[in-house]
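**Q** Just a sequence and a predicted model for now, questions to come.
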Amino acid sequence: QLQLVESGGGLVHPGGSLRLSCAATGVDFRYYTIAWFRQAPGKERDAAACISSVDATFYAESVKGRFTVSRDNAKNTVYLQMDSLKPDDTAIYYCAARNSPICGLTYDTWGQGTQVAVSS
């Protein structure tokens, strides 16, 4: 059974960078599409980025040009490199997986989340 564990969150100043990791166990990871979602206080959870099992990527407009999603199938890990961080990026970040080659709207497996706070 697939399990996901996020790490790498923390407190950073505006303009700073963080790299989140999503480590997968339990299945052959390379067939799964992985998305990063985020939920800010009082707001709905939204998709930030996605990388498919065939390495196609998707970014929300709010993060395009600042965030980069990548995967290392040998390490069963997906990364989210976040640069030029803004206070509006403050949220709990979740990774999620679906057994599909396409970034979509629904995901079957979720991690527990990691907190990112951007503040001066």
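**A** Noted; the coordinates are in hand. Numbers count the residues shown, from 1 in each chain.

**Q** Find the nearest non-adjacent residue to Ile102, please.
**A** Distances taken as Cβ to Cβ, 6 or more residues apart in numbering put Ser52 closest to Ile102, at 6.0 Å, once the chain neighbours are dropped. C-beta coordinates here come from the backbone N, C-alpha and C atoms, glycine included.

**Q** From Glu6, how far off is that neighbour?
**A** Between Ser52 and Glu6 the computed distance is 19 Å (Cβ to Cβ, to the nearest Å).

**Q** Between those two, tell me which one has more neighbours.
**A** Counted by other Cβ atoms under 10 Å, Ser52 and Glu6 do not tie: Glu6 has more neighbours, with 22 against 19.

**Q** So which residue is dead centre in this structure?
**A** The residue lying closest to the centre of the chain (Cα atoms, centre = their mean) is Trp36, at 2.7 Å.

**Q** Now do Tyr59, the pLDDT please.
**A** Per-residue pLDDT puts Tyr59 at 98.

**Q** Please identify the buried residues of stretch 64-80?
**A** Under the neighbour-count criterion of 16 or more other Cβ atoms under 10 Å, stretch 64-80 has 67-69, 71, 76-80 buried.

**Q** Tell me which residues are up against it.
**A** With Cβ atoms under 8 Å, 6 or more residues apart in numbering as the contact definition, stretch 64-80 has outside contacts at 19-25, 29-30, 34, 36, 48-51, 55, 57, 59, 81-85, 93, 95.

**Q** Separate out the buried members of the residues you listed.
**A** Neighbour counting by 16+ other Cβ under 10 Å classes 20-24, 29, 34, 36, 48-51, 59, 82, 85, 93, 95 among the contacts of stretch 64-80 as buried.

**Q** Thank you kindly, that will do.
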